[in-house]
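Trainee: give the three-dimensional model of this entry:
(2 chains)
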Protein chains: 2
Amino acid sequence: MDSRATFITFATSDLDAARSFYVDGLGWTPTLDVPEEILFFQVGHGLMLGLFYAPKFAEDLGGPARIVTPVNGVTLSHNVSSPAEVDRVIAQALAAGANLVKPPQQAAFGGYHGHFADPNGVIWEVAHNPGWAVDADGTVRLDAIEE
Amino acid sequence: MDSRATFITFATSDLDAARSFYVDGLGWTPTLDVPEEILFFQVGHGLMLGLFYAPKFAEDLGGPARIVTPVNGVTLSHNVSSPAEVDRVIAQALAAGANLVKPPQQAAFGGYHGHFADPNGVIWEVAHNPGWAVDADGTVRLDAIEE
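Mentor: Predicted coordinates:
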């Protein structure tokens, strides 16, 4: 098994709220939108974010015992190029209906970040990390974190 | 905020178990490994998977109330090119110490898939989806799912 993730999928209680936030609020375009089932957005090179209606998510995993929302113990990060852009993106998300989790501030890794939760509880970190870089071939460098 | 995820980070109770599974079991090479703190693997073009020691994950989000493991309500997918490869990857993961969640079988989306959980409960779907394709520029197509 090579180190490759192609989809990130979250059990989602309210797909309409998700659609309202990501599509109407942030202006994202779904790759696929099946009402009361799943909403897919492309969130990277070869990478999809799936928001899967929670009962169907559970069914797909094999049974109702696995229905668990809101999700917890996971964050998605959205890296940007400056602290000011962190502030701007967090403000945009809040205006679109997100809930603030951590106000933008200096981060332990040496940069600047803040967190918001989407209407279904999916937490996004918005971060400026001066040591983070992506080469043209997609290789990620984390030099500053290693200091 | 454009539709872009750069890190997927999981609260992880046992980093040693994670290291044993991904590094020793699957043969993955960490981009960064800080014992008792975080383990990073590159899992896509410009995409990192972070396994963040749970108490530090919680602290980073702002407090102990957010310590929640195992994670739930989320899956990562690893798409492969044939049903036989699904079987092979699931078998490899189980041999490396994963727990079976859903045995490989025909999937509702028209392909073939199975699920395993890593030693910290992170669930991976291993899937063959005949309608999934990634163009050279990274654009994902889900044509078969739309049928």
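Trainee: contacting residues around the closest residue to A:P83 other than its chain neighbours?
Mentor: Spatial nearest neighbour of A:P83, excluding adjacent residues (C-beta to C-beta, 6 or more residues apart in numbering or on different chains): A:Y112 at 4.1 Å. The way it works is simple: take the backbone N, C-alpha and C, and place the C-beta from them, glycine included. Shown in contact with A:Y112 (C-beta atoms under 8 Å, 6 or more residues apart in numbering or on different chains): A:83, A:86, A:104-106, A:127-128.
Trainee: need the helices for chain A, in chain order.
Mentor: Under the criterion DSSP state H, helices of chain A are mapped to A:15-19, A:54-61, A:83-95.
Trainee: comparing the ones you listed, which comes out most buried?
Mentor: helix A:54-61 (a mean of 19; mean count of other C-beta atoms under 10 Å in any protein chain shown).
Trainee: how about that one and chain B, any contact?
Mentor: Yes. Applying C-beta under 8 Å from any C-beta of the partner chain, one finds helix A:54-61 touching chain B at A:54, A:57, A:60-61.
Trainee: distance between that helix and the chain's centre?
Mentor: 20 Å (C-alpha atoms, centre = their mean, to the nearest Å).
Trainee: equivalent analysis for stretch A:127-139, please.
Mentor: 17 Å.
Trainee: for stretch A:38-51, same thing?
Mentor: 10 Å.
Trainee: likewise for stretch A:46-64?
Mentor: On C-alpha atoms, centre = their mean, the centre of stretch A:46-64 falls 16 Å from that of its chain.
Trainee: how about stretch A:76-83: buried residues?
Mentor: For stretch A:76-83, a neighbour-count test (16 or more other C-beta atoms under 10 Å in any protein chain shown) marks A:76-80, A:83 as buried.
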